[in-house]
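Asker: With the sequence up front, the predicted model follows.
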Amino acid sequence: MRLLLALGNPGAKYRDTRHNIGWWLADRLALGWGGEPFRADGATAWTTGAARPGVEIHKPLTYMNRSGESLAALLASRGFDPAADMLVLVDDVALPAGRLRLRARGSPGGHNGLASISASLGSDDYGRLRLGVGRPPDERIDLAAWVLSRMPRAEEEEALGAFPRAAEAVEYWLEHGMEAAMNRFNRPG
């Protein structure tokens, strides 16, 4: 089994925020793969796609900062190796809107959702697709408030404009693995 773990926060209040860009991509992938609507089951909402048997897409319902709790439940109920079979879809303020970057491992870099996953696994050895949401224009803006706010239309269009490439990166990871996907997609453009 392969698992896509899209980080975000449940509820209408958070639906359109920067922090939920991983959920936006999960929705796009599920639609493209002919997936059923996401259904809540325990600590996640999840679906599969007809075009991608053996791949599950999960959205933790535990809120961003406790994403690792939902992963612990998945590890207990499904057989997969997080280092080889899991890709986390996550927002990243270090990348401008519309940019993406694949990583095979690494520190959470101040991202509380990734920190929760790393704590749950006891390791930073898992793949992630980092989706750019940009930095606040002023360093006095609280980072938590920034990621929990909506993007201006132009930035949102840039972010959504990268989704075809992000979906291609996920497909490539599924077919060829992380190293090959990083070599192909971690270049400017």
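Answerer: Cool, got the structure.
Asker: okay, CA-based contacts and neighbour counts for the rest of this
Answerer: Fine.
Asker: Quick check: pLDDT value at the residue lying farthest from the centre of the chain.
Answerer: Here the chain reaches farthest from its C-alpha mean at Arg140, the gap being 26.8 Å by Cα atoms, centre = their mean. In this prediction, Arg140 carries a pLDDT score of 90.
Asker: May I have the longest helix along the chain exported as CSV, CA atoms only?
Answerer: Longest helix in the chain, counting residues (DSSP state H): helix 163-176. Coordinates of each C-alpha in helix 163-176 appear next as CSV, following Å, rounded to 0.1, in the frame of the first residue of the first chain:
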residue,chain,number,x,y,z
PHE,A,163,-1.0,21.7,-9.1
PRO,A,164,-0.7,20.0,-12.5
ARG,A,165,3.1,19.8,-11.9
ALA,A,166,2.5,18.7,-8.3
ALA,A,167,0.1,15.9,-9.4
GLU,A,168,2.7,14.8,-12.0
ALA,A,169,5.4,14.7,-9.2
VAL,A,170,3.1,12.5,-7.1
GLU,A,171,2.5,10.2,-10.0
TYR,A,172,6.2,10.0,-10.7
TRP,A,173,7.0,9.3,-7.1
LEU,A,174,4.5,6.4,-7.2
GLU,A,175,6.0,5.0,-10.3
HIS,A,176,9.7,5.6,-9.9
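Asker: Show me what counts as buried in the helix or strand of the chain with the lowest mean pLDDT.
Answerer: When each helix and strand of the chain is scored by mean pLDDT, DSSP states H and E, helix 67-77 comes last, with a mean of 92. Within helix 67-77, the residues scored as buried using 16 or more other Cα atoms under 10 Å are 67-71, 74.
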